[in-house]
Structure formats: C-alpha cells, structure tokens
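Asks: sequence and predicted structure are below.
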Amino acid sequence: MNGLAAVLFDMDGTLVDTEVLWWRTTEQVAHGLGHELTDADAPEVVGRAVEDTAAHLVRVRGGGDPSEVAAALTADFFRRVEAGAPIRPGAQRLLTALEAEGVPFALVSASPRLVVDSVVGGSLAHVPFAFTLSADDTARTKPHPDPYRTAAERFGAEARDCVAVEDSPDGAASAEAAGCGVLVVPSLLAVPASPVRTFAQSLDEVTPDLLRRCLPAGVPRRRQEPSPRSSTTPST
C-alpha cells in the first residue's frame, strides 16, 4: 500500500444536507401519485438513484410510466437544490485539511448530472474537486461498484488505496464492493456495520489521518455502528 491516493466523497447527505430535500421531493411526487411516503419506503428513497426511486413508486402504485416519474423527481429536486443546499458540519474543515496535505479528492454521486452541477456550482463552488461523477457517468450507479471503480481509475489508483466517505447503505455497499476503504457518517438511515467500514458521528470528527486508517490494510479506529443523526422521515 502506498498510502492514501485519493478521497472519494459522496454528495447528498455527506457533503451537503440534501437528503431531506430529496425525501421531501419524493414525498410530494408520491402524494401526487396517491401514495403517502412512510419509513417503509426509505430503503428505496434514501441514497438511491432517481430511476430506482421512480421504479419503486410505480411498483407501489401498481402502474405508471417510470420515466415520467423520474423526470418529475429530477425537476422538483433540482428546484429545491437550486434554492440552497447547506454544506454539512465539518465538511469544509476536512476538505481544507486534505487540500493542505496535498491529498486529492473527487465527488462521486448517485444524483443526476443536472443536480450535481447545481450543487458544485453553488454550495460547493469553492471546492477544488479533481473531477465529479454523477449517476449519468457510469453504466450502473450505486449500490453497484461502478462509480467508485471508475473514480479510482480516473485517479490512476487502485481502489484499495482510496477511501470513500458515505452516509447511506447503498453508498457504503458501492464503495465496499469496489474495494475502497469506507468511512461512514450516517444521515437519515442507519448503515450496517462491516469489518471494512469505519464509522464517525460527524465529519467534525474526521481528519486525514483517520481516513488513512480506513484503508483496507489499515486498522479502523472504530467499527461500532452509531445511530443516525435523525429519524428517517424528516418533518415537513
């Protein structure tokens, strides 16, 4: 192992507080379809790609056009993100520390390119990402390993020399399947523990040294699963 080659950040719920916006988007679209969103829907909403959530809403309603539902979800989510996506606590401090140490980092998101570009051009406009990957940039998105494998390849690095920072079960599964080290900071959903996942309650706790200890050959400081920061269903 040659040390920490790169850090691969998830976007929604990890660097910016957009998971609540996504939940409210899905809640509104689901209501228009005659379905009231509950905690039972959360695994198909939180951390999922737009197409996955659209397919779920069509299934629970027993019919409909998934592409039309996906378009409605994307349009409403984009509108909400354009209005402002607050950066998560500790994110700026960690990004600054990585930049100071010369550790490159990228954004690896399951959101559509339209949404990623909105956030990167807004709340994260000052962040020097090496590149950004959206759901549109790989054949399969999270929970498949494709996004994180692609990101490692773009850095010319082995996945095992990269650490992914995630907040959701699907995101953690994607990074783990790709072979990355995984640091989990849960947001709306609890994330299952595994031998290769390190957990933190907040990015305020995370340092470049902790990220290095998350590499597969390292020994994570803490593997115990913490509680998510809030209940699954946000207040409206």
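Replies: Received it, and whenever you're ready, just let me know what you need.
Asks: per-residue confidence averaged over stretch 128-139?
Replies: Stretch 128-139 shows a mean pLDDT of 97.
Asks: tell me which helix or strand residue 143 sits in.
Replies: For residue 143, there is no enclosing helix or strand under DSSP states H and E.
Asks: please name the residues that touch it.
Replies: 169-171, 173-174, 177 (C-beta atoms under 8 Å, 6 or more residues apart in numbering). Backbone N, C-alpha and C define where each C-beta goes, glycine included.
Asks: residue 34 now?
Replies: residue 61.
Asks: any low-confidence regions in this protein?
Replies: For the chain, the stretches flagged by pLDDT under 70 are 1-2, 217-236.
Asks: how is it partitioned into domains?
Replies: Domain segmentation of the chain under automatic domain parsing yields 6-17+86-212, 19-82.
Asks: out of those, which is the most enclosed?
Replies: Highest mean neighbour count of those: domain 6-17+86-212, a mean of 20 (counted as mean count of other C-beta atoms under 10 Å).
Asks: next one: the longest helix along the chain to chain centre, how far?
Replies: Scanning the chain for the longest helix, with DSSP state H as the assignment, gives helix 66-82. On the basis of C-alpha atoms, centre = their mean, to the nearest Å, helix 66-82 sits 18 Å off its chain's mean C-alpha point.
Asks: just the CA trace of that helix, in PDB.
Replies: Taking C-alpha atoms only, helix 66-82 is exported to PDB below (Å, rounded to 0.1, in the frame of the first residue of the first chain):
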ATOM      1  CA  PRO A  66     -41.200   5.200 -14.600                       C
ATOM      2  CA  SER A  67     -39.600   7.700 -17.000                       C
ATOM      3  CA  GLU A  68     -42.300  10.300 -16.300                       C
ATOM      4  CA  VAL A  69     -42.000   9.800 -12.600                       C
ATOM      5  CA  ALA A  70     -38.200  10.000 -12.800                       C
ATOM      6  CA  ALA A  71     -38.500  13.300 -14.700                       C
ATOM      7  CA  ALA A  72     -40.800  14.700 -12.100                       C
ATOM      8  CA  LEU A  73     -38.500  13.700  -9.300                       C
ATOM      9  CA  THR A  74     -35.500  15.200 -11.000                       C
ATOM     10  CA  ALA A  75     -37.200  18.500 -11.800                       C
ATOM     11  CA  ASP A  76     -38.500  19.000  -8.300                       C
ATOM     12  CA  PHE A  77     -35.200  18.000  -6.600                       C
ATOM     13  CA  PHE A  78     -33.300  20.400  -8.900                       C
ATOM     14  CA  ARG A  79     -35.700  23.200  -8.000                       C
ATOM     15  CA  ARG A  80     -35.100  22.600  -4.300                       C
ATOM     16  CA  VAL A  81     -31.300  22.300  -4.600                       C
ATOM     17  CA  GLU A  82     -31.100  25.400  -6.700                       C
END
